[in-house]
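S.K.: sharing a model prediction with you, sequence too.
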2 protein chains.
Amino acid sequence: MAYLPILGLAVLALLTGQSSAKYEYQTKYLDVPLDHFSYVNESVTFKLRYLTNDTYNPDGSGPILFYTGNEGDIELFAQNTGFMWELAPKLKASLVFAEHRFYGKTLPFGNASYESPRHLGYLTSEQALADFAYLLAQINPSNRTVRARPVVAFGGSYGGMLAAWFRMKYPHMVAGAIAASAPIRQFDTDCGVFNQILTSVFSVAYTKECSLNIGRSWDVLKNYSSSADGLKTLNEKFKFCSNLTKAEDVTGTFFDYLIDVYGNLAMINYPYNSSFLAPVPAYPVREFCGRLAQNYTGLELLTKLQEALSIYYNYNGQAKCLNINSSYDSSMGDLGWGFQSCTEMVMPMCAEGGSRDMFPKQPWDEKKFSDDCFKKFGVRPRPIAPAYIYGGQYLEGASNIVFSNGLLDPWSGGGVLRSGNSNIKIVLIPEGAHHIDLRAADDNDPGSVRAARQIHVQNIQLWLKQYRKVKKTF
Amino acid sequence: MAYLPILGLAVLALLTGQSSAKYEYQTKYLDVPLDHFSYVNESVTFKLRYLTNDTYNPDGSGPILFYTGNEGDIELFAQNTGFMWELAPKLKASLVFAEHRFYGKTLPFGNASYESPRHLGYLTSEQALADFAYLLAQINPSNRTVRARPVVAFGGSYGGMLAAWFRMKYPHMVAGAIAASAPIRQFDTDCGVFNQILTSVFSVAYTKECSLNIGRSWDVLKNYSSSADGLKTLNEKFKFCSNLTKAEDVTGTFFDYLIDVYGNLAMINYPYNSSFLAPVPAYPVREFCGRLAQNYTGLELLTKLQEALSIYYNYNGQAKCLNINSSYDSSMGDLGWGFQSCTEMVMPMCAEGGSRDMFPKQPWDEKKFSDDCFKKFGVRPRPIAPAYIYGGQYLEGASNIVFSNGLLDPWSGGGVLRSGNSNIKIVLIPEGAHHIDLRAADDNDPGSVRAARQIHVQNIQLWLKQYRKVKKTF
């Protein structure tokens, strides 16, 4: 089973999208070196896409709010980071959204970008950060007489990791960073934490029976999967778009789908309706768990589970069947994140089952993971990379970063939740899901989300003030 | 004429050596990824050489003093950084000297390392810094229960640039850095500064006539070069190992040699005898200028110049002739630095002549430089690289670095001489040449050098104290 939510971040890039384009921008391209750190192919460049809006900064002197694009089409992030759009007029700021190499329209080798490690090998976070620095050096240059305009980096999820690392590695380029739901410690946290938090989200959303029912469901499903009659019952019950015909269809494909759905529901557990792949109600986990609120077993458990699932795949009642081949519309994005997970972004995940979490037991198997990566991409992971390149537990050399985490977000287990460094600020959002604070304000936002945004603004204003006070030391 | 001291740093790596091995260490090798930042050749590694000594830290718990090796054989730096050896027993510290990739015995492709950009392209400062981080992650690991021992980085010249950048880019790996004579701003300083400082060193060493005589010498030499009789006179006068036969031998080869020698003399203008390529007296610039102390012209000027030069090439009276093909024993080191200068380490140099400096006028010609690089190495420079990768004028994101500069060192013009950031310390050594503070203490050291070393120790102790106070923020 490859059911672990390793692609969770990529999933999210797609899931957080909203129905229609709300914000407008200019689309631009810049030629950027393919390899910033070696000169084997010194002259090779590619076109990096970025989006800009100068409406709120007509005289060109204000700050730049800069989104460090993550694993997906940058337009999606531009449309789903309403906080930046709401902030720009207040700060008379320009907006820039930079696309991450190998995603969206920023494909260094065009359609051949994903062909082999010879191309895909240049898809790394370090190269992406250098792209961002190169872009800023071009569009916002410093020279010996005029200093560049101050830049504030923003990002959520993997984009939040990039925002934080951008400030850590390129402090000369960026006055500070808002890193929302950025699990920069997912690399060396306990592998079971993600699933434990996920379980707790499903335990507290309505009644504790919700996670207990899920925990019992795996054995029930497995029992039904082992006979032709059982499979028939499952097919009738869940109305799969393609009938399941063997045990592995249940314990493989369907289990994978369910595990993905639970993770997705927790991440998008926002206090308002959202709709991208399918309409989802406000607080979808609560809705889901409302249908699994009592102790169910056997066939009744499956009936209730099917009703609950419809919250995710059929809230508008228009789905004719349940398609379990993917929990979201696939795109190149998840293949790219698959490669990143197989090289430097190795986030070990496991489930212990029993009383620790609501999932089937699944240990982390580093060797199998590495072999799978080699089969799929021709590369093996370098799990030590994040630790030696970016550091992890000790951040005393860093400054001007806000790490915000929704405590209802399973990724918070890999987030920075404490700081021994007064220049690193921590914002905990008890009622928050995955980087809700970067989304546009909504009447239904809980107080903790509103407060988080206020703290962001205070920190940004502080960084801008600091920036203006600094003298060059030439 | 390609006479500008672009290879000055490499020259120095060779020149600062002393006659015999004073310090002892173990030699070790570690397999390190060839490319830390992309996964095109994920599995390729090479053997990085490093030297260690644990004599002063028998229980393995003390700090690590870590030399960030520069463009040359690491043994040379180990033998010529006496300050670290003197400090180790006081701090009960271990010593580690890490070799820079593509120098000394750390040749990723063996004898083929310098063959083409396909190999040599991996010779960059960013990869070298990542090598150092990788090495420390292996020999001094942090994990969730035990934190790594504190590390202090040291380096002089290009090694000092690396020490400073190591703290900037990898603060989780290193508690602080002593960056001696590190011209991290040579990339965007005025191209003439180096030669102006050099001129001033020769103006103040004895009498002002010294630099004026040098300034006049170029035309005199050129005049003699234009006739067969003149060349004959020069050959008799200077006793070249190979007779000069045409004008370009004078205005090309001999000019280049002289310019190199003047730069080298200033860099090694130490207050005690030093001998590596040839014995040199204490304060060699003063000795040199003592022989050019009055206003000379014509043939007399050449006679005096020859006498002065003998300070550099024949102080022990054993040289039978003047070899102007190189001002120092060549090695692979300068070819490597040549490549680095042709890619990311582009330090524009120029001479204005006239009253500004004592050299023949030589503007900085970026296009010609680029064409020469392409001819020599098949690459073109990326002059923007240091600015966007490392920053330059604004260091407010950095901390725990001491920048020390001898004001008699021509490289000080590209150094950090002021700081608007209280966590970046500046040490000016009015009587100092090139990173004299990293050398072993000597009875003839001037007060400013002794004081610099005391300030280094105070800062290191402060960093170690800070390090021990920090709690992990996991």
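M.R.: Good, I have the coordinates.
S.K.: which helices and strands sit right next to whichever helix in chain A runs longest?
M.R.: As assigned by DSSP state H, the longest helix anywhere in chain A is helix A:447-469. Using 3 or more CB pairs under 8 Å, 6 or more residues apart in numbering or on different chains; DSSP states H and E as the contact definition, the elements that helix A:447-469 packs against are helix A:82-91, strand A:151-156, strand A:176-180, strand A:401-406, strand A:424-429. Heads up, the C-betas are built off the backbone N, CA and C, glycines and all.
S.K.: strands of chain A, residue ranges please.
M.R.: Counting by DSSP state E, chain A has strands at residues A:26-33, A:45-53, A:64-68, A:94-98, A:151-156, A:176-180, A:274-275, A:279-280, A:401-406, A:424-429.
S.K.: which one of those strands lies nearest to B:Glu352?
M.R.: Ranking these by their distance to B:Glu352 (criterion: CB to CB) puts strand A:26-33 first, at 33.2 Å.
S.K.: list the buried residues for the closest one?
M.R.: Of the residues in strand A:26-33, A:30, A:32-33 count as buried by neighbour count, 16 or more other CB atoms under 10 Å in any protein chain shown.
S.K.: what angle do it and strand A:45-53 make?
M.R.: What separates the directions of strand A:26-33 and strand A:45-53 is an angle of 150 degrees, with axes from the mean of the first three to the mean of the last three CA atoms, to 10 degrees.
S.K.: now do strand A:26-33, average pLDDT.
M.R.: Confidence over strand A:26-33 (mean pLDDT, whole number) is 98.
S.K.: pairing partners for that strand, with directions?
M.R.: Based on DSSP bridges, the strands next to strand A:26-33 in the sheet, each with its direction, are strand A:45-53 (antiparallel).
S.K.: give me the phi and psi angles of the residue lying closest to A:Ser116 once chain neighbours are set aside.
M.R.: On the basis of CB to CB, 6 or more residues apart in numbering or on different chains, the spatially nearest residue to A:Ser116 that is not a chain neighbour turns out to be A:Gly378, at 6.6 Å. The phi/psi pair for A:Gly378 (degrees, to the nearest 10) reads phi 80, psi 20.
S.K.: what of the one 4 residues further on?
M.R.: Backbone torsions for A:Arg382, taken as degrees, to the nearest 10, come to phi -120, psi 80.
S.K.: chain B versus that one, what's the distance?
M.R.: Look at A:Arg382 and chain B: by CB to the nearest CB, to the nearest Å, they are 7 Å apart.
S.K.: now do A:Tyr103
M.R.: For A:Tyr103, the distance to chain B (CB to the nearest CB) stands at 16 Å.
S.K.: okay, now the unreliable bits of chain A?
M.R.: Applying pLDDT under 70 to the predicted model, the residue ranges of chain A that meet it are A:1-20, A:275-278, A:326-333, A:471-474.
S.K.: one step back: how about the strands of chain A in CSV, adding distance to B:Trp85?
M.R.: Rendered in CSV, the data for the strands of chain A read as follows (distance: least, CB to CB, whole Å):
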stretch, distance to B:Trp85
strand A:26-33, 41
strand A:45-53, 46
strand A:64-68, 44
strand A:94-98, 47
strand A:151-156, 43
strand A:176-180, 41
strand A:274-275, 64
strand A:279-280, 66
strand A:401-406, 38
strand A:424-429, 37
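S.K.: most packed of those strands?
M.R.: For the strands of chain A, average neighbour numbers computed from mean count of other CB atoms under 10 Å in any protein chain shown are highest in strand A:176-180, which has a mean of 32.
S.K.: output the contacting helices and strands for that one.
M.R.: Using 3+ CB pairs under 8 Å, 6+ apart as the contact criterion, the neighbours of strand A:176-180 among helices and strands are strand A:151-156, helix A:158-169, strand A:401-406, helix A:447-469.
S.K.: so which of those is nearest B:Arg167?
M.R.: Going by CB to CB, the one of those nearest B:Arg167 is helix A:158-169, 12.2 Å.
S.K.: and that closest one, C-alpha only, in PDB?
M.R.: Taking C-alpha atoms only, helix A:158-169 is exported to PDB below (Å, rounded to 0.1, in the frame of the first residue of the first chain):
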ATOM      1  CA  TYR A 158       5.400  23.700   1.000                       C
ATOM      2  CA  GLY A 159       5.200  27.400  -0.100                       C
ATOM      3  CA  GLY A 160       5.400  28.300   3.500                       C
ATOM      4  CA  MET A 161       8.500  26.200   3.900                       C
ATOM      5  CA  LEU A 162      10.000  28.000   0.900                       C
ATOM      6  CA  ALA A 163       9.000  31.400   2.400                       C
ATOM      7  CA  ALA A 164      10.800  30.600   5.700                       C
ATOM      8  CA  TRP A 165      13.800  29.100   4.000                       C
ATOM      9  CA  PHE A 166      14.000  32.100   1.600                       C
ATOM     10  CA  ARG A 167      14.400  34.400   4.600                       C
ATOM     11  CA  MET A 168      16.900  32.000   6.200                       C
ATOM     12  CA  LYS A 169      19.000  31.600   3.100                       C
END
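S.K.: now the residue in the stretch 351-474 of chain A that chain B sits nearest to: how far from B:Ser419?
M.R.: Going by CB to the nearest CB, chain B is nearest to A:Gly397 of the stretch 351-474 of chain A, at 2.2 Å. Plainly put, A:Gly397 is 17 Å away from B:Ser419 if you go by CB to CB, to the nearest Å.
S.K.: quick one: which of these two has more around it?
M.R.: Between A:Gly397 and B:Ser419, A:Gly397 has the larger neighbour count (other CB atoms under 10 Å in any protein chain shown), namely 25 against 17.
S.K.: can you pull the contacts of the more buried one?
M.R.: By CB atoms under 8 Å, 6 or more residues apart in numbering or on different chains, the contact set of A:Gly397 is A:168, A:391, B:167, B:171-172, B:399-400.
S.K.: same question, A:Trp364
M.R.: For A:Trp364, the residues meeting the contact criterion (CB under 8 Å, 6+ apart) are A:191, A:348-350.
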